[in-house]
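K.L.:
coords please:
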Amino acid sequence: MFKKVLIANRGEIALRVIRACRELDIATVAVFSTADRDSLHVRLADESVCIGPPAPAQSYNYIARLISAAEVTGADAIHPGYGFLSENAHFVEVCESCGFTFIGPSPEMIRRMGDKAEAKRTMKAAGLPMVPGSEGVITDVDEAASIAREIGYPVIVKASAGGGGRGMRIAHDEKQLRLGFGIAQAEAGAAFNNTAVYLEKYIVKPRHIEIQLFGDGQGGVVHLGERECSVQRNHQKLIEEAPSAVLTPEQRTAMGELAARGAASIGYRNAGTMEFLYDEDGWFYFMEMNTRIQVEHPVTEEVTGIDLVREQILVAAGEPMTFRQQDVQISGHAIECRINAEDFEHGFRPSPGRVTYWYKPGGPGLRVDSHVYAGYMIPPYYDSMIGKLIAHAKDRALAIRRMEIALEETIVEGIKTTIPFHRLALASEKFRSGDLSTRFVEELLRDRVPSPTP
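P.N.:
This is a model prediction of the structure:
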């Protein structure tokens, strides 16, 4: 087992890893930028090292400084959390070449799944259903137009190395395709230093459903049920739940088995997530694979009782997985609301600043994952998420009610948060009935009656 783990991240995920390490009696090292000097993960880790100024390129994404911090503190493993360098194959190679165990998949797996076109080819060969589209990367707009005519409009151009909605363009006809193709390439080049794009049939109102996976690296992969992630804005998730309200038991089994088969085909190791689009006719299609722990992993932990971060550490240390497929049982329903420092009333405008008062809710079935405290200064340099509320209950209706109570009880002063949005979303009839799609937020805000002026 590891003696000391360096956590190459910040915020609530750094705290989450610290707590898992404490259960395993592993010492921890926090790294921080000058903007995060007073962050809770710095206070709770056994050791901490400043790695640079606020800009991620000079701190959390600066590989040499992270490796130096691991060396001077005597760490023997590095946990990347999510975001930053968590899916950077070069970082994994540097860790391994310097004698540190990377708590995650191999660099080959990250590269293979990180290239969206290669991931599609690999998963198609494993038998996973695909959205109709190009076989791989396309460089010529005429080729794109020819494929679009064959599969039918609307279509979407996607960055091969992309994510988070960047390098994407939807086209409803050939004129829009020709205009958007070059723009998507340019955006992909600027965001990912890779202009490669591919083309897919655009599913107008899909649900976003993902399968949590865990692999032992020896060909054994277990699936831990699905998460519904359709409530999102600009491709950024806002509410997640497990299980999905729409899947039948047969669909749940089929999706899980296919996802596990796909991951097993590359000998996947550690935690990963297979993402699918689910259309209005009940068909589902492979979208991509994330080779890391997800922000929304707590809802899976709540309904399965399995500590995914603890499992990550054990498997990386060479221990066997502590569960098998037959051990995975889904119990009840869990919902997660991501609380962001954003002004919902003004277009989700960022709202960094000092938190003057912070009250966390409590009660049966409630969990709060957050690094925020009264007096904490939320910096403007990083993701705006300040915490996650997770409600677990025997069924979806009670989980929704518990979440509503938790949102009512949560008090954050000094900044604006997305709590008013979450309360609006959970109160909507569409959410309560499970009538969701990736256009849910767009439709909710479009149909919203503005609040009266005081």
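K.L.:
Can you spell out which helices and strands pack onto whichever strand or helix holds Ala259?
P.N.:
Here Ala259 sits within helix 249-264, counting by DSSP states H and E. For helix 249-264, the elements it packs on are strand 207-216, strand 221-233, strand 269-278, strand 284-290, judged by 3 or more C-beta pairs under 8 Å, 6 or more residues apart in numbering; DSSP states H and E. Just so you know, the C-beta spots here come from the backbone N, C-alpha and C atoms, and that holds for glycine as well.
K.L.:
centroid residue for the protein?
P.N.:
Against the mean C-alpha coordinate of the chain, by C-alpha atoms, centre = their mean, the closest residue is Gln294 at 3.9 Å.
K.L.:
That one looks like it's in a strand, true?
P.N.:
No: using DSSP: H, G, I helix; E, B strand; the rest coil, the secondary structure at Gln294 is coil, not a strand.
K.L.:
returning to that earlier point: for Glu443, which of the helices and strands packed on helix 249-264 is the nearest?
P.N.:
Set against Glu443 and scored by C-beta to C-beta, the helices and strands packed on helix 249-264 come closest in strand 221-233, at 11.1 Å.
K.L.:
Neighbouring strands - and their directions - for the next helix or strand after the closest one?
P.N.:
The first helix or strand that comes after strand 221-233 along the chain, using DSSP H and E, is strand 236-242. The strands beside strand 236-242 in its sheet (DSSP bridges) come out as strand 221-233 (antiparallel), strand 333-340 (antiparallel).
K.L.:
For Glu187, which non-adjacent residue is spatially closest?
P.N.:
Spatial nearest neighbour of Glu187, chain neighbours left out: Gly167 (4.5 Å); criterion: C-beta to C-beta, 6 or more residues apart in numbering.
K.L.:
Assign a three-state SS to the one you found, would you?
P.N.:
Taking three-state DSSP, the label given to Gly167 is coil.
K.L.:
and it, what is it in contact with?
P.N.:
Residues in contact with Gly167, defined by C-beta atoms under 8 Å, 6 or more residues apart in numbering, are 157-159, 184-185, 187-188, 191-192, 197.
K.L.:
Where does Ile110 sit, in terms of helix or strand?
P.N.:
helix 107-114.
K.L.:
Could I get the buried residue list for that helix?
P.N.:
For helix 107-114, a neighbour-count test (16 or more other C-beta atoms under 10 Å) marks 107, 109-114 as buried.
K.L.:
just stretch 269-285 next, same as before
P.N.:
269-279, 284-285.
K.L.:
and which of the residues you listed is nearest to Ala27?
P.N.:
Nearest member of those to Ala27, counting by C-beta to C-beta, is Asn270, at 21.1 Å.
K.L.:
Wait, Pro379 touches Arg37, no?
P.N.:
No: at 10.2 Å, Pro379 does not count as touching Arg37 under the criterion of C-beta atoms under 8 Å.
K.L.:
where's Ala77 relative to Glu93, distance?
P.N.:
15 Å (C-beta to C-beta, to the nearest Å).
K.L.:
try Lys3
P.N.:
23 Å.
K.L.:
So those two - more neighbours on which side?
P.N.:
Glu93 (16 against 11; other C-beta atoms under 10 Å).
K.L.:
coming back round to it: dump the helices and strands packed on helix 249-264 to JSON lines, plus mean pLDDT and distance to His41.
P.N.:
Output for the helices and strands packed on helix 249-264, formatted as JSON lines (pLDDT from 0 to 100; distance: least, C-beta to C-beta, whole Å):
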{"stretch": "strand 207-216", "mean pLDDT": "97", "distance to His41": "24"}
{"stretch": "strand 221-233", "mean pLDDT": "97", "distance to His41": "25"}
{"stretch": "strand 269-278", "mean pLDDT": "97", "distance to His41": "20"}
{"stretch": "strand 284-290", "mean pLDDT": "95", "distance to His41": "22"}
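K.L.:
now the ones you listed in TSV, with distance to Ile103?
P.N.:
Formatted as TSV, the helices and strands packed on helix 249-264 follow (distance: least, C-beta to C-beta, whole Å):
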stretch	distance to Ile103
strand 207-216	13
strand 221-233	18
strand 269-278	7
strand 284-290	15
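K.L.:
Show me the one of the ones you listed that comes nearest Asp25.
P.N.:
Distance to Asp25, taken as C-beta to C-beta, is lowest for strand 269-278 among the helices and strands packed on helix 249-264, at 20.8 Å.
K.L.:
export the closest one as CSV, just CAs?
P.N.:
Below are the C-alpha coordinates for strand 269-278, written out as CSV (Å, rounded to 0.1, in the frame of the first residue of the first chain):
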residue,chain,number,x,y,z
ARG,A,269,-7.9,-0.2,-15.3
ASN,A,270,-9.4,1.9,-12.5
ALA,A,271,-12.5,4.1,-12.6
GLY,A,272,-14.0,5.2,-15.9
THR,A,273,-17.3,6.3,-17.3
MET,A,274,-19.0,5.3,-20.6
GLU,A,275,-21.3,8.0,-21.9
PHE,A,276,-24.4,7.4,-24.1
LEU,A,277,-27.0,9.4,-25.9
TYR,A,278,-30.5,8.0,-25.5
